[in-house]
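Novice: here is my input, please return the structure:
(one chain, ligands or ions: 2)
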Amino acid sequence: MDAASSSLALSNIKLHGSTNTLNSDQRISSLCSLPKSRVTFSCKTSGNLQVRDRSTGLVVSCSSSNGDRDVIQGLHLSGPIEKKSRLGQACCSVGTFTVGEFALESQSQAVDDKVGVLLLNLGGPETLDDVQPFLYNLFADPDIIRLPRLFRFLQEPLAKLISTYRAPKSKEGYASIGGGSPLRKITDEQAQALKMALEEKNMSTNVYVGMRYWYPFTEEAIQQIKRDGITRLVVLPLYPQYSISTTGSSIRVLQKMFREDAYLSSLPVSIIKSWYQREGYIKSMADLMQAELKNFANPQEVMIFFSAHGVPVSYVENAGDPYKDQMEECICLIMQELKARGIGNEHTLAYQSRVGPVQWLKPYTDEVLVELGQKGIKSLLAVPVSFVSEHIETLEEIDMEYKHLALESGIQNWGRVPALNCNSSFISDLADAVIEALPSATALAPHTSSTDADDHDPFLYAIKLLFGSVLAFILLLSPKAFMAFRNNFF
Ligand SMILES: C=CC1=C(C)c2cc3[nH]c(cc4nc(cc5[nH]c(cc1n2)c(C)c5CCC(=O)O)C(CCC(=O)O)=C4C)c(C)c3C=C
Ligand SMILES: [Fe+2]
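Specialist: Ligands and ions are numbered 1, 2, ... in the order given. Modelled structure (predicted):
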């Protein structure tokens, strides 16, 4: 069969089933007129067929909302073409089929397509000796302490100062949960579970963990991705809601690395910036809450208390951080899901873990707990909602400090919803999110050799240093500013 009749066969995809869509007939046709050696057809997931130009990486997706059957029939395949997946949708079985002059690799992926998934997370100190250097990395991040441009040169000395003075208090916290953060272990387990969930959905991937402030650092994960020759990458931050201080900060690191590297700058990447609204996540949260409510003697009387990690108000009001809006919408969705299950408890949202001498999102968790106790609330279910793993702020702050405060304030029955960790419906939903994101992978940034022009201009740098030092000196000499700084950070 010649190239023209192959494109005719591909056009059949569109004609065959009314619900089928072809992203671009023209692109499909032009792909079909390429030499056979350059084109790969692959059946990625149920309902999804992809045609890929091996040389340019150009991918055209054809999707069918009613399963693969139409797509596959449209291609006039011969041979054993389908089997039922667990979800009841048709999917391709392994084998090679002929479409015009082309071979259709009907296994779950083309052989030369190496899909990577990069899980982004914050990272945590593994031993008490790691605490100060971990805090240094955190406070040295310009997305965590946002200094005006003129003061940026103070970032590192300030990080050294704050981390040194905060370390003893943080160490106490980490000591009380066993001497270190459980984050690396849990994130590694999530990576493994995600890889297996993707395999069950016929997608073979390498899953990497990239932490922002501790090992394994994002930079290490990216080096491994390069070594492994990954051809498409999905970036999945393990924060359901987007904040400049979390997902935003990690993406900034990635963008810098990708700009400066020829291989990375042409690697097709898809970033899932937030996923708090996904049905699978909402349902998994509702499942955990429903189960926990059953532990109370009178479940319907329990106040549901969502406690989210705070961010400074200026992030939301001045820098346009969508975190607060996304958090509120997320809570609405969870409560709607519970209502649909006949659970209509009262609920409230507060923000925890504030650090530093600035206003954070209100209301504050500790203040609300006291008020609820005073109002006569007797039963309370705490729901950590900004993070999907157990960590110091669930295990120490909520389970110890806030529980103690609540009981002291008159609340008699206390419960806490566990973090999702490796919950199977949650992990399965993350796998779906990866599969859905993959077709839109495109190159992140054009390759440039260097970026910040100011940093290389010695005159501009000297002026900034001079003015910055004078201003910093005046600020630190102000007794009010100094006291606010000392009381809030340490
Ligand atoms: C969505 C979650 C988080 C947001 C938003 C966030 C913002 C944020 N955090 C700090 C300061 C600290 N965070 C610390 C630890 C920490 N924070 C999160 C999550 C969010 N942070 C996690 C998962 C962890 C790690 C926990 C672990 O188990 O190790 C710490 C260190 C711990 C401590 O000393 O309290 C600090 C400090 C700021 C300033 C900020 C927003 C600007
Ligand atoms: Fe934090």
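Novice: which helices and strands sit right next to the helix or strand containing Ala350?
Specialist: With secondary structure defined by DSSP states H and E, Ala350 is part of strand 347-352. Helices and strands in packing contact with strand 347-352 are listed as strand 303-309, helix 323-340, helix 365-375; criterion 3 or more C-beta pairs under 8 Å, 6 or more residues apart in numbering; DSSP states H and E. C-beta coordinates here come from the backbone N, C-alpha and C atoms, glycine included.
Novice: nearest to Leu198, out of the ones you listed?
Specialist: helix 323-340 (24.5 Å; C-beta to C-beta).
Novice: before we move on, back to that, what angle do the strand holding Ala350 and helix 323-340 make?
Specialist: Angle between the axes of strand 347-352 and helix 323-340 is 150 degrees (criterion: axes from the mean of the first three to the mean of the last three C-alpha atoms, to 10 degrees).
Novice: near ligand 1, anything from strand 347-352?
Specialist: No. Under the criterion of C-beta under 6 Å from any ligand atom, strand 347-352 makes no contact with ligand 1; the nearest approach is 9.3 Å.
Novice: quick one: residues in contact with that strand.
Specialist: Applying C-beta atoms under 8 Å, 6 or more residues apart in numbering, the external contacts of strand 347-352 come out as 303-311, 327-328, 331, 335, 360-369, 372, 385, 393, 397-398, 402.
Novice: so which of those residues are also by ligand 1?
Specialist: Filtering the contacts of strand 347-352 for neighbours of ligand 1 using C-beta under 6 Å from any ligand atom leaves His309, Val311, Glu393.
Novice: and the residue nearest to the last one when sequence neighbours are not counted, what does it touch?
Specialist: Spatially, and ignoring its direct neighbours in sequence, Glu393 is nearest to Ser353 (5.3 Å; C-beta to C-beta, 6 or more residues apart in numbering). Remark: with contacts taken as C-beta under 8 Å, 6+ apart, Ser353 is in contact with His309, Gly310, Glu393, Glu397.
Novice: and for Asn423?
Specialist: Taking C-beta under 8 Å, 6+ apart as the definition, contacts of Asn423 comprise Ser284, Asp287, Leu288.
Novice: burial measure for the closest residue to ligand 1 within the chain, as a count.
Specialist: Of all residues in the chain, Gly124 sits closest to ligand 1, at 2.5 Å by C-beta to the nearest ligand atom. Per other C-beta atoms under 10 Å, the neighbour tally for Gly124 reads 26.
Novice: my read: it touches Ile392, true?
Specialist: Yes. Shown here, Gly124 and Ile392 form a contact pair, counting by C-beta atoms under 8 Å, at 6.8 Å.
Novice: what do these two both touch?
Specialist: Counting by C-beta under 8 Å, 6+ apart, the shared contacts of Gly124 and Ile392 are Ser181.
Novice: what does Asn345 show for phi and psi?
Specialist: Comment: the main-chain dihedrals of Asn345 come out as phi -60, psi 160, following degrees, to the nearest 10.
Novice: neighbours of it, how many?
Specialist: Asn345 is flanked by 17 other residues according to other C-beta under 10 Å.
Novice: do you know how far it is from Pro299?
Specialist: The span separating Asn345 from Pro299 equals 8 Å under the rule C-beta to C-beta, to the nearest Å.
Novice: just the buried residues out of the contacts of strand 347-352, in PyMOL syntax.
Specialist: This is the PyMOL syntax for the buried subset of these, where burial follows 16 or more other C-beta atoms under 10 Å:
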select buried, resi 303+304+305+306+307+308+309+310+311+327+331+335+360+361+364+365+366+368+369+372+385+393+397+398+402
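Novice: so how far is the first residue of stretch 296-313 from its last?
Specialist: 35 Å (C-alpha to C-alpha, to the nearest Å).
Novice: ok, now stretch 262-275?
Specialist: 30 Å.
Novice: touching ligand 1 at all, the helix or strand where Ala159 lies?
Specialist: Take DSSP H and E as the rule and Ala159 turns out to sit in helix 155-176. Yes. Under the criterion of C-beta under 6 Å from any ligand atom, ligand 1 is reached by helix 155-176 at Arg166, Ser170.
Novice: who does the helix or strand just after that helix touch, helix- and strand-wise?
Specialist: Along the chain past helix 155-176, the next helix or strand (assigned with DSSP H and E) turns out to be helix 183-200. For helix 183-200, the helices and strands in contact under the criterion 3+ C-beta pairs under 8 Å, 6+ apart are strand 115-121, strand 205-211, helix 424-437.
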